[in-house]
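# Sequence below, structure please.
(one chain, ligands or ions: 1)
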Amino acid sequence: YKMAKAEYNYTVDSARASLVRQEDTIIFGLIERARFPLNSPTYNQSYTSIPQFRGTLLDFLVRHTEAIQAKAGRYINPEENPFFPENLPPSVVPRYPFSQFLHPAAAMININNAIWKLYFDELLPMFVASGDDGNYAQTAATDLSLLQAISRRIHYGKFVGEAKFRESPQGYEPLIRAKDKGALMKLLTYESVEEMVVKRVKKKAMVFGQEVSLDRDVKGITYKVDPSVVSLLYQKWLIPLTKNVEVEYLLNRLD
Ligand SMILES: C=C(O[C@@H]1C=C(C(=O)O)C=C[C@H]1O)C(=O)O
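Predicted structure coming up:
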C-alpha cells in the first residue's frame, strides 16, 4: 500500500469552514457531558486507588486512551495535540504524509496544560449540574472527547495563523520581526467574524439541544445545554485562546 503525498492546502476560508464544523463537535460534546452531573469522584485521587497508577480516574483514562490513540497514529496529524505528550508510545501504523503546511516551530506549541486547568476550574462548573450518579467512567470519557474537541479548535489557530500569513506576508513580517504581540493580535482579529461565531454557536446550541418531538405542541422549550453558556464559553475562552495560539505561532514563523 503506497500513500500519495497529501497536497491539501489550507486557506483562511477553508480554516474558517473547519472551525464552523468543529463547533458541531464541541456543542455535541457539551451536550454529552451535560448528561451527567459533576461526578466529583472522577477527579478525586482519593476515590481511586488503581494499582500501579497515581492520579485520578480521569488521569487514568486520559493517559491510557492517549497512549492507544498515539499507537494508532492520532498524533501524526498536526491538527492533534496530546494532553500528556511525555512518554507517549510511537505510532505503529504507516505514516500518512500530511501536508507540511505549518512552519516546523508549530510542533512546539501545545497549551493543553492551560486548557486542562481552564476546563476543570472554569468551564465544567458553568454547564454541568452538581451531584453524583456514579457514572464516573462515562463522565471521564465524555470529558476526554470534549477536551480533545476544544483543544483541536484552539490549536487550529496555528493553521489560521499560517493561512493569514500566506495571504499577507508583507503585513505580518515586520510585526513578527518586531515581536509586537499587540499589533499581531490586532492584525489577525476580525471582530465581525467573532460576532458571527458567538451568535451561531448559540443558535446551534438551541437547534442541537432541543427536545425533538412528533407532537405539534411543544410545551416550554428546555435545552440540553444552556445556549447562552455556549456563546459565553466561546466569547470568553475559546476565541481568545485560539487567537493566543495564532500570535504564538506567528511569533515563531520566521525562525
Ligand atoms: C480564527 C480567526 O481569527 C480570529 C479568531 C476567531 C475565532 O476564534 O473564531 C475569529 C476571528 C478572528 O478574530 C479567524 O479570522 O477566523
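
# Just give me how far the strand or helix carrying L184 sits from the chain centre.
Element membership for L184, per DSSP states H and E: helix 181-188. Here helix 181-188 is found 22 Å from its chain centre; the criterion is C-alpha atoms, centre = their mean, to the nearest Å.

# for it, packing partners?
When contacts are defined as 3 or more C-beta pairs under 8 Å, 6 or more residues apart in numbering; DSSP states H and E, helix 181-188 sits against helix 157-167, helix 169-177, helix 239-251. The C-beta positions use only the backbone N, C-alpha and C, and glycine is treated the same way.

# Out of the ones you listed, which is closest to P51?
Distance to P51, taken as C-beta to C-beta, is lowest for helix 239-251 among the helices and strands packed on helix 181-188, at 36.5 Å.

# Determine the set of other helices and strands touching that closest one.
Contact analysis of helix 239-251 by 3+ C-beta pairs under 8 Å, 6+ apart lists helix 112-118, helix 136-155, helix 157-167, helix 169-177, helix 181-188, helix 191-208 as its packing neighbours.

# Give me the contact list for the longest one.
Outside of helix 136-155, the residues within contact range by C-beta atoms under 8 Å, 6 or more residues apart in numbering are 19, 22, 25-26, 29-30, 32-33, 35-36, 39, 41-42, 47, 57-58, 60-62, 65, 79-81, 83, 109-112, 115-116, 119, 124, 238, 241-242, 245.

# Make JSON lines from the helices and strands packed on helix 239-251 and add mean neighbour count to it.
Below are these laid out as JSON lines (neighbours: other C-beta atoms under 10 Å):
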{"stretch": "helix 112-118", "mean neighbour count": "16"}
{"stretch": "helix 136-155", "mean neighbour count": "21"}
{"stretch": "helix 157-167", "mean neighbour count": "22"}
{"stretch": "helix 169-177", "mean neighbour count": "14"}
{"stretch": "helix 181-188", "mean neighbour count": "16"}
{"stretch": "helix 191-208", "mean neighbour count": "16"}
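
# Is it possible to get TSV of those helices that adds distance to S14 and mean pLDDT?
Listed next are the helices and strands packed on helix 239-251 as TSV, based on distance: least, C-beta to C-beta, whole Å; pLDDT from 0 to 100:
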stretch	distance to S14	mean pLDDT
helix 112-118	24	98
helix 136-155	15	98
helix 157-167	8	97
helix 169-177	18	98
helix 181-188	16	98
helix 191-208	14	98
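
# need those helices in TSV with distance to the ligand, can you?
Formatted as TSV, these follow (distance: least, C-beta to the nearest ligand atom, whole Å):
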stretch	distance to the ligand
helix 112-118	14
helix 136-155	8
helix 157-167	4
helix 169-177	13
helix 181-188	6
helix 191-208	4
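
# Helix, strand, or coil at Y96?
coil (DSSP: H, G, I helix; E, B strand; the rest coil).

# Quick check, it in contact with G73.
Yes. Between Y96 and G73 there is a contact at 7.3 Å, judged by C-beta atoms under 8 Å.

# returning to that earlier point: which of the contacts of helix 136-155 count as buried?
The neighbour-count test (16 or more other C-beta atoms under 10 Å) applied to those identifies 19, 22, 25-26, 29-30, 32-33, 36, 39, 41-42, 57-58, 60-62, 65, 79, 81, 83, 109-112, 115-116, 119, 124, 238, 241-242, 245 as buried.

# Show me the residue sitting in the middle of the protein in space.
I150 (2.0 Å; C-alpha atoms, centre = their mean).

# For V12, see how far away it is.
22 Å (C-beta to C-beta, to the nearest Å).

# same deal with L254?
Taken as C-beta to C-beta, the span from L254 to V12 is 19 Å.
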